[in-house]
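# okay, sequence plus prediction incoming.
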Amino acid sequence: MDDRFEDDDGEALAALPNEPPDRKAHSYSQQLRSNTGNHKRHRLQLRKHSLDEDRISKNIGRYSDSDSDDDFYPYATGSSAADGISVDLCLSMNGSDELYQPLPEFTANGGENGIFKVPIRAAVHPSRPTCLELRPHPLRETQVGKFMRTIACTDTQLWAGQETGVRVWNLSDAYEPGIGIGGRARRGDEYAAPFYESANTSPAMCLIVDSGSKLVWTGHKDGKIRSWKMDQPLDDTPFKEGISWQAHRGPILSMVITSYGDLWSASEGGVLKIWPWEAIEKSLSLSSEEKHMAALLVERSFIDLRSQVTVNGVCNISSSDVRCLLSDNVRAKVWAAGSLSFSLWDARTRELLKVYNVDGQIENRANMSSVQDQMVEDEINVKFASKSKKEKSQGSSFLQRSHDAIMGAADAVRRVATKGAGAFVEDSKRTEALVVTIDGMIWCGCSNGLLVQWDSNGNRLQDFHHHPCAVQSFCTYGSRIWVGYVSGMVQVLDLEGNLIAGWVAHSSPVIKLVVGAGYVFSLAIHGGIRGWNITSPGPIDNILRSELAGKELMYTRKENVKILVGTWNVGQGRASHDALMSWLGSTLSDVGIVVVGLQEVEMGAGFLAMSAAKETVGLEGSSIGQWWQDTIGKTLDEGSTFERVGSRQLAGLLIAIWVRKDIRTHVGDLDVAAVACGLGRAIGNKGGVGLRLRVHDRIMCFVNCHFAAHLEAVNRRNADFDHIYRTMVFSQSSNLLNTAAAMLPYLFLSCSLAFSTCLFWLLYSSGLPWVLSVAAGVSSAVQMLRGTNIPGINPEEGKPELAEADMVTFLGDFNYRLFGISYDEARDFVSQRCFDCLREKDQLRIEMKAGKVFQGMHEALIRFPPTYKFERGKAGLGGYDSGEKKRIPAWCDRILYRDTRPASVSECSLECPVVSSILLYEACMDVTESDHKPVRCKFNVEISHVDRSVRRQEFGKIIKSNDQISSLLEDFRYIPETVVSTSSIILQNQDTSILQITNKSGKDKALFQIVCEGQSSINEDEQASDYRPRGSFGFPHWLEVTPAVGIIRPDQFVEISIHHEEFHTQEDFADEIPQSRCVEDARDKEASFLVNVRGSYSIETISHRVRVRHCFSAKTVCIDSKNNSSKRTRGRSHHRSGLS
């Protein structure tokens, strides 16, 4: 025998310590059959292991040389007997951490490229601009009852609407550290910048800023509109609302303030109301003691636009919910967007101008939603119609009818479910967001990712498609458009629709984008808020990235977590408390997270069919699966020591996770997934169930699998892994869909049909494959249903979600067998503990070596006997299958993982944030309740993460102190020189004047916006009274300003039409309460305009003041008819006066 080992296992053995660590053992000893009468302790025979070359992780160099095979087989007691070997069959670790050293590992090929490559990590994200994390991503569990829905920004504050009211950040505190754990902030906000919250209210659904009256208006789920003062002094006491009133019966879905200062609100069923500014202004002038009267005043002033356009019971606008309201301040119009249609309104006269669908086709017609609902109901009813007599007379008609009935029921379930989820085919065109750009174009974002450009008259111009996922939000500033997608992607476009840049802004949908204080703030659905420099991407980002990376050590924090992972094919059996204690309970002393995967919890054709039908409508789990979770929970001392976080069951597959309570605050955001790999990729007898969660801000995934059986099915097993890895999509833990209650009759019908058909067919002809094909038909709907409801979170097309995790662990019954060896030979090798010989025959090891499966993943060297197949009730190694089939023992039950190490040896850092090692990998051979033995693996996981509060501080210091950034920001403050043709204009009735604005810059565009800072009446002494601003600095109704917003090219000018138009309707005076606007007296009126000019990126403006006076030709108030409202636009003289 040679004195050295020539294979990788030999190197691993040689690297182990000379003395085995002392460990307390919970073991079961079994006398094994020996080929010799006196069995001596065997040294490993000298072999060339062709499968093991250069596959053992280099980190085994930490071990000292050893020539004892006891070190390699930790369950050996070292004692021998004449008739056998005494073996410790199951070990536990009750000692301290110092007793354990990482085990040597085998690494699969193929992990260097493609979807199996380790994800790139860095201290500062290399693929996106550096951002200001105003509110770091909170764990989902911390936001129950506090989820944020929307944000809005002023020059000095960021406001957020949440489920319990509103909160506000002073942007002057944006770089300040968080309050931290133990401060006044609730869990989830420890690292957010300092903020203030309101008193509790109904959930805030929408939020708009009214700079003119210095108020923020919020629309709520209870149908109320509430006001909040901007820039008021705040402290820890919750601040209170101002004026509020009951605006709608249902939730308020959208609000907007028009260019004339009126407040428009929309609710369910297409309800659209106007709240005239005059009534709001009157109510705001009342004292706090008159708050109730103020609310009544506004409540009675509303204009119901839906009733105004209803004639003879027929309404020309859709009854679908108004998803978006948009004020086109360029042309003084209002857009109201439903799911598939638009209505266009005049902001001044409140008249309906046009109704059209998403394709731009005019639709002046009665709403057809009720007809569409009836059509869907009729389709569902058709599914249950009986077959013709001719079909009934056919000999095999029963089975065919059963098949058709099941398929029909499944299809009915699918159609009802998809309707409830809004997933009809035409809904791919659904409008999700609107924005108006400074050039007067309207942009619409659709659920299929399409961006549609419209002109101000509602004419569809052109489409753009830069991303396949649904658009969720828009904002615009200067000559750029920002788009937020359901994938978490943010894109920047120019005004022509060309893509400038794009990056992953969040790990979940970007539901709102707003601009303020030089940042574009993005709100993700999980509640995180990030601020992106308004010039991004640009040179400022590069400076910030470099500077922040240099301060990495200041904000890096390191943690250590022990994770116990267990897998067991229970063979439809149940375990005793002693068995679970042997498997799991004996190793818990220092474990923080426990993950358990079970296979074959429950099987059988009837169960599989019912499980497939339940999956169709999002139902999962079983009573037996719940029993297993409860029983394991008792073993783990659930409630006192551990907390169950979540689980997922797919037919016989079950995975569940428990977290120790003292680290529970750092673990959350649990998502689940399931992928069927059985017949037709639809039945859950084979497949995978997964859990994804965030641990210390790092993503970990655990996938419990059961692959295809039988010795020869290697390629099918490889394909099962590939299918699961590529297609597993995570979503929130399995809550019922909103429409599940309505679908239960269809669900139980399909389940009953599936079950009865299975029983009949099994008794009639033992046609299990046919039964499973029927069940496959029932379950096929689940893929389509869930595909429409689960947003594609990964923005990189074709990139699996598992590939983006920081740590991925696969566990389960992989069913890989020992190949090229007989039953007797395998038993002999096991009895002699020659597991190195058996590893040569391991199909999984062969396939991993070839890079065909589990590419780039690691597994500790196996030191335990094969875990399959045993006779139930027989303890120890003598229990291997001795029946007629004599199945060859095999390591079917395995646990493998991948962390963020690009090489086998890497120090834990922000560039390599998760570094794992295996402390324990063994089977519990004393457990006899199944034909498989349970396996457990204990990981030591080092985690590096960012203290986002400290990094935000450093971000602020760099912004304030870096000379390069200061110089760049100064350049962006540049405002082109502009000249306004006059500072005063006098108009008479129906008169028009032209205001000219000239851009004197020869190279830069000038962006302008005209607002009205207030209006007043002229007294008899020709002096103006105090100027009163309207909402959002809107124009008075007697003036038309077109265009009020625009772009002036270098050395060009623009002409602004300022027209007097005095137009009233009879309803203006109904019940002595103005319904649209107050009646003006006969005195001359004066409005003060501000022409605000800025550059393309400037957050600063310069203003030109222009005063516009209307002089009455007669001192009487008349109500003009529509026929007398013609505009005089031909006269273009500039009327000047001595106004200063």
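Received it, and whenever you're ready, just let me know what you need.
# for the stretch 651-800 of the chain, which spans come out with low pLDDT?
Residues of the stretch 651-800 of the chain meeting the criterion pLDDT under 70: 733-798.
# what are the ranges of the helices in it?
714-727, 740-765, 768-789 (DSSP state H, counting those that start in this stretch).
# repeat for the stretch 201-350 of the chain
277-284, 291-299, 305-308.
# now the last one - C-alpha only, CSV.
Read that as helix 305-308. The C-alpha coordinates for helix 305-308 follow below in CSV (Å, rounded to 0.1, in the frame of the first residue of the first chain):
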residue,chain,number,x,y,z
LEU,A,305,-69.0,65.9,-13.1
ARG,A,306,-70.5,62.4,-13.7
SER,A,307,-74.0,63.6,-13.2
GLN,A,308,-73.3,66.6,-15.5
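# for it, packing partners?
Helices and strands touching helix 305-308, by 3 or more C-beta pairs under 8 Å, 6 or more residues apart in numbering; DSSP states H and E, are strand 272-275. Just so you know, the C-beta spots here come from the backbone N, C-alpha and C atoms, and that holds for glycine as well.
# how does it look with 10 Å?
Under the contact definition 3 or more C-beta pairs under 10 Å, 6 or more residues apart in numbering; DSSP states H and E, helix 305-308 sits against strand 263-267, strand 272-275, strand 314-315, strand 341-346.
# go on, the first one?
Applying 3+ C-beta pairs under 10 Å, 6+ apart, we find helix 277-284 packed against strand 215-220, strand 224-229, strand 244-246, strand 263-267, helix 291-299.
# could you check how far the fourth one is from the centre of its chain?
The one in question is strand 263-267. 28 Å (C-alpha atoms, centre = their mean, to the nearest Å).
# count of neighbours near Arg681?
By the criterion of other C-beta atoms under 10 Å, Arg681 has 18 neighbours.
# please apply the same query to the one 10 residues further on.
Under the neighbour criterion other C-beta under 10 Å, Leu691 is assigned a count of 25.
# quick one: contacts for the closest residue to it other than its chain neighbours?
In this structure, Leu691 finds its nearest non-sequential neighbour in Phe702, 4.9 Å apart by C-beta to C-beta, 6 or more residues apart in numbering. Taking C-beta atoms under 10 Å, 6 or more residues apart in numbering, we find Phe702 in contact with 563, 565, 593, 595-597, 655-657, 689-693, 805, 807-811, 895, 897.
# so which of those are in strands?
563, 565, 593, 595-597, 655-657, 689-693, 807-811, 895, 897 (DSSP state E).
# so can I have CSV of the helices and strands packed on helix 305-308 showing mean pLDDT and mean neighbour count?
Below are these laid out as CSV (pLDDT from 0 to 100; neighbours: other C-beta atoms under 10 Å):
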stretch, mean pLDDT, mean neighbour count
strand 263-267, 96, 25
strand 272-275, 96, 23
strand 314-315, 86, 14
strand 341-346, 94, 22
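# of those strands, which is nearest Ser287?
Smallest distance to Ser287 across those (C-beta to C-beta): 20.6 Å, for strand 272-275.
# which SS state does Lys960 fall under?
helix (DSSP: H, G, I helix; E, B strand; the rest coil).
# gap between it and Ser172?
12 Å (C-beta to C-beta, to the nearest Å).
# re earlier: quick one: the residue nearest to Leu691 from Phe939, how far?
On the measure of C-beta to C-beta, Phe702 and Phe939 end up 11 Å apart.
# can you check Thr310 too?
For Thr310, the distance to Phe939 equals 66 Å [C-beta to C-beta].
# quick one: which of the two has more around it?
Per other C-beta under 10 Å, whichever of Thr310 and Phe939 has more neighbours is Phe939, with 25 against 14.
# give the rounded mean pLDDT of the helix or strand encompassing that one.
For Phe939, the host element (DSSP states H and E) is strand 935-946. Computed over strand 935-946, the mean pLDDT rounds to 97.
# with adjacent residues omitted, what lies nearest to Ser576?
Counting by C-beta to C-beta, 6+ apart, the residue nearest Ser576 is Glu929, at 6.8 Å.
# who's in contact with that neighbour?
568, 570-571, 573-576, 579-580, 872-873.
# try 7 Å this time
The contact partners of Glu929, by C-beta atoms under 7 Å, 6 or more residues apart in numbering, come to 573-576, 579, 872.
# so which strand or helix has it?
Counting by DSSP H and E, Glu929 is part of no helix or strand.
# for Asp578, see how far away it is.
For Glu929 relative to Asp578 (C-beta to C-beta), the value is 10 Å.
# next: Phe342.
Taking C-beta to C-beta, one finds Phe342 at 68 Å from Asp578.
# if we can go back for a sec, turn the helices and strands packed on helix 277-284 into JSON lines, columns for distance to Asp439.
What follows is the helices and strands packed on helix 277-284, written out as JSON lines (distance: least, C-beta to C-beta, whole Å):
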{"stretch": "strand 215-220", "distance to Asp439": "27"}
{"stretch": "strand 224-229", "distance to Asp439": "32"}
{"stretch": "strand 244-246", "distance to Asp439": "37"}
{"stretch": "strand 263-267", "distance to Asp439": "23"}
{"stretch": "helix 291-299", "distance to Asp439": "35"}
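# worst mean pLDDT among the ones you listed?
helix 291-299 (a mean of 89).
# list the buried residues of it.
294-295, 297-298 (16 or more other C-beta atoms under 10 Å).
# likewise for stretch 1092-1104?
Buried residues in stretch 1092-1104 (16+ other C-beta under 10 Å): 1092-1099, 1104.
# which of these sit farthest apart?
It's Tyr1097 and His1104 that sit farthest apart of the buried residues of stretch 1092-1104, by C-beta to C-beta, at 20.7 Å.
# tabulate the CA atom coordinates of stretch 530-541 in PDB.
Taking C-alpha atoms only, stretch 530-541 is exported to PDB below (Å, rounded to 0.1, in the frame of the first residue of the first chain):
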ATOM      1  CA  ARG A 530     -34.200  56.700  -1.800                       C
ATOM      2  CA  GLY A 531     -33.100  60.100  -3.200                       C
ATOM      3  CA  TRP A 532     -31.300  60.200  -6.500                       C
ATOM      4  CA  ASN A 533     -29.400  63.300  -7.600                       C
ATOM      5  CA  ILE A 534     -31.400  65.200 -10.200                       C
ATOM      6  CA  THR A 535     -28.400  65.100 -12.500                       C
ATOM      7  CA  SER A 536     -28.000  61.300 -12.200                       C
ATOM      8  CA  PRO A 537     -26.400  59.600 -13.900                       C
ATOM      9  CA  GLY A 538     -23.500  62.000 -14.000                       C
ATOM     10  CA  PRO A 539     -20.100  63.000 -12.600                       C
ATOM     11  CA  ILE A 540     -21.400  63.600  -9.100                       C
ATOM     12  CA  ASP A 541     -22.300  59.900  -8.800                       C
END
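# what does it rub up against?
129-134, 477, 501, 505, 515, 518-522, 965, 968, 972, 1097, 1099.
# just read off the phi/psi values of Met610.
phi -70, psi -40 (degrees, to the nearest 10).
# about what we covered before: distance to Pro934 and secondary structure added to the buried residues of stretch 1092-1104, as CSV?
Below are the buried residues of stretch 1092-1104 laid out as CSV (distance: C-beta to C-beta, whole Å; DSSP: H, G, I helix; E, B strand; the rest coil):
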residue, distance to Pro934, secondary structure
Asn1092, 71, strand
Val1093, 74, strand
Arg1094, 68, strand
Gly1095, 68, coil
Ser1096, 65, coil
Tyr1097, 62, coil
Ser1098, 66, coil
Ile1099, 62, coil
His1104, 79, strand
